[in-house]
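# What follows is a protein structure lacking sequence information:
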Ligand code: G4P
């Protein structure tokens with residue numbers, strides 16, 4: 001096929017897929033009028049114009065994270081539309097970066113809707129820091145629970161936390177004799193915090209049933225969980241919020257934890273910054289892992305990375321240290337907590 005035809009084929013395929021998606025979204029009913037389609041396209045064009053790059057971090061180390069948000073406006077609109085369908089919002093955050101992994105727009109987006117914070121990946125975070133964060137959120141009047149969705153630790157606290165934040169509503173329902181009504185919760189969070197893992201995990205531990213109820217749910221699928229005799233309905237498609245890193249350190253911390261993918265960062269620069277953190281915040285687990293002494297910690301970060309590469313036998317031809325490979329290894333070991341359970345920020 002010529003490249004022109006191939007291109008044509010791709011475009012045609014896209015159109016067909018779009019039309020099919022649209023038909024299936026509408027259940028084959030209520031075909032859109034041309035004026036509605038025109039308005040939809042105009043909106044899509046406005047969305048594209050609005051889709052500016054997120055602050056690429058400012059300051060001297062700004063260039064190594066080149067990251068762009070996705071469909072911020074559309075996502076916000078979807079979350080706001082779905083809010084009408086739920087009683088509460090469960091915001092999943094990463095316990096290693098409880099502030100940086102939150103979208104600061106969320107409170108204004110959800111208004112007075114009750115919310116619970118799920119501090120996930122607690123298995124990777126410093127347990128003392130996690131306790132401090134739980135207390136901090138409590139002091140702010142926000143219910144937070146600790147979770148490790150990988151193993152399921154803390155998952156059983158979810159139902160009671162949701163009932164706690166919705167206690168007024170439950171009392172009002174009870175006064176009207178509506179005792180068995182289930183609560184509806186939307187899961188939101190930035191990419192990679194564990195939204196899908198949470199939904200998979202909770203659907204295994206609780207009795208879960210998937211339902212599609214057009215009309216009531218506008219095509220959304222819901223999981224009905226039954227736990228301790230109470231039922232909660234969860235939107236199975238979690239709302240993906242994008243983080244905002246106006247502050248360069250926020251972007252950096254999200255890159256350390258892997259929330260910002262490595263293909264948009266300069267891995268070696270990122271690893272050097274992480275080594276800078278370890279130089280500033282001495283950590284015995286890190287030092288033991290790479291058999292480093294106090295004197296080694298005096299090295300410049302690039303020397304330290306080369307030193308670690310040599311220690312691990314990562315060499316390129318000529319016996320030079322393979323710092324690129326060592327950078328990937330340092331980041332991987334940090335992300336899997338082999339360098340210790342580390343929380344990168346504390347409440348102020
Ligand atoms: P998302 O929907 O919010 O984007 O996140 P997702 O559930 O896909 O999880 C992102 C990564 O985080 C996954 O790892 C997942 O296993 C891991 N994860 C989720 N919750 C926890 C947790 O509580 N503790 C730990 N240690 N990891 C967690 P991955 O490497 O992308 O995939 P895989 O390891 O599952 O293959």
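It's in. Just so it is clear, the structure is predicted and the values come from calculations on it, not from any experiment.
# can we go C-alpha only for contacts and neighbour counts from here?
Noted.
# And for the nearest residue to residue 109 once chain neighbours are set aside, the neighbour number?
Setting aside the residues directly before and after it, residue 109 is nearest to residue 80 in space (CA to CA, 6 or more residues apart in numbering), at 6.8 Å. Neighbour count of residue 80, defined by other CA atoms under 10 Å: 15.
# What strand or helix carries residue 80?
Secondary structure here is read from DSSP states H and E; on that basis residue 80 sits in helix 72-83.
# Where does residue 89 fall, secondary structure wise?
Going by DSSP H and E, residue 89 is in strand 88-94.
# which other helices and strands contact that strand?
Strand 88-94 is packed against strand 115-120, strand 183-189, with contacts defined by 3 or more CA pairs under 8 Å, 6 or more residues apart in numbering; DSSP states H and E.
# Which neighbouring elements make contact with the helix or strand just after that strand?
Scanning forward in sequence from strand 88-94, with DSSP H and E defining helices and strands, the next element found is helix 106-110. Counting contacts by 3+ CA pairs under 8 Å, 6+ apart, helix 106-110 is packed against helix 72-83.
# Give me the buried positions along the helix it packs on.
Buried positions in helix 72-83, judged by neighbour count with 16 or more other CA atoms under 10 Å: 72, 76, 79, 82-83.
# Over to stretch 116-133?
116-127, 129-130, 133.
# now swap in stretch 289-300 and tell me
Applying a neighbour-count criterion of 16+ other CA under 10 Å, one finds 292, 297 buried in stretch 289-300.
# Same check on stretch 228-244?
For stretch 228-244, a neighbour-count test (16+ other CA under 10 Å) marks 231-244 as buried.
# quick one: that stretch near the ligand?
No. Under the criterion of CA under 6 Å from any ligand atom, the ligand is not reached by stretch 228-244; the shortest gap measures 7.5 Å.
# Show me what that stretch is in contact with.
54-55, 69-70, 72, 75-76, 78-79, 100-104, 159, 180-191, 195-196, 199, 220-226, 250-251 (CA atoms under 8 Å, 6 or more residues apart in numbering).
# starting at the chain centroid, how far to it?
Chain-centre distance of stretch 228-244: 13 Å, with CA atoms, centre = their mean, to the nearest Å.
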